[in-house]
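*Asks:* Here is a sequence with its predicted model. Questions after.
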Amino acid sequence: MLNDVCEKTAFICLIRSGKDISIFASGGTVYNALSAAQELEGQGISASVYNASSIKPVDNEAIKEATQSKLIFTVGGHTIMGGMGSAIVEAAAQMGPCPKIVRLGINDEFGESGTPESLYEKHGLDKAGIIKSIIQYKI
């Protein structure tokens, strides 16, 4: 399902091209974001998906490319404060005007135990949660 090879040697790889929104995902949420993007296509929303395999150093080229979208989402299986989403927001802010960036992840709270799937579902990081979050912005 994922591209066999990333087209560049970078820390953020484009794995699905789209024109309406961009989704950055990391770790276990990459598959969920990709699945959500495929379902959203059927609803008329074309989404690019980026695999952010590492937060640092920031891949400004990929972020700049994503700022051409109408909206950017970050999906990380960790806290939204100080993580991938924050790094992307900070980098995009340095580039000038950009679309709204919505960070999906775990709010600033104590962690808990559970299977990845159950925690993704609880925090809206599964396919259904990602779709619900994107749909509410009425692209």
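*Replies:* Ah, there it is. Numbers count the residues shown, from 1 in each chain.
*Asks:* What count of nearby residues applies to the residue nearest to G114 when sequence neighbours are not counted?
*Replies:* Distance criterion CB to CB, 6 or more residues apart in numbering; nearest residue to G114, sequence neighbours excluded, is K122 at 7.5 Å. (Each C-beta comes from the backbone N, C-alpha and C, glycine too.) When neighbours are counted by other CB atoms under 10 Å, K122 registers 13.
*Asks:* Strand partners (parallel or antiparallel) of the strand ranked longest in the chain?
*Replies:* Of all the segments of type strand in the chain, defined by DSSP state E, the longest one is strand 71-79. Strand 71-79 sits in its sheet next to strand 21-25 (parallel), strand 100-106 (parallel), going by DSSP bridges.
*Asks:* Could you give the separation of that strand from the chain centroid?
*Replies:* Averaging C-alpha positions (CA atoms, centre = their mean, to the nearest Å) puts strand 71-79 5 Å from its chain's average.
*Asks:* After that strand, which helix or strand is next?
*Replies:* Downstream of strand 71-79, the next assigned helix or strand under DSSP states H and E is helix 84-94.
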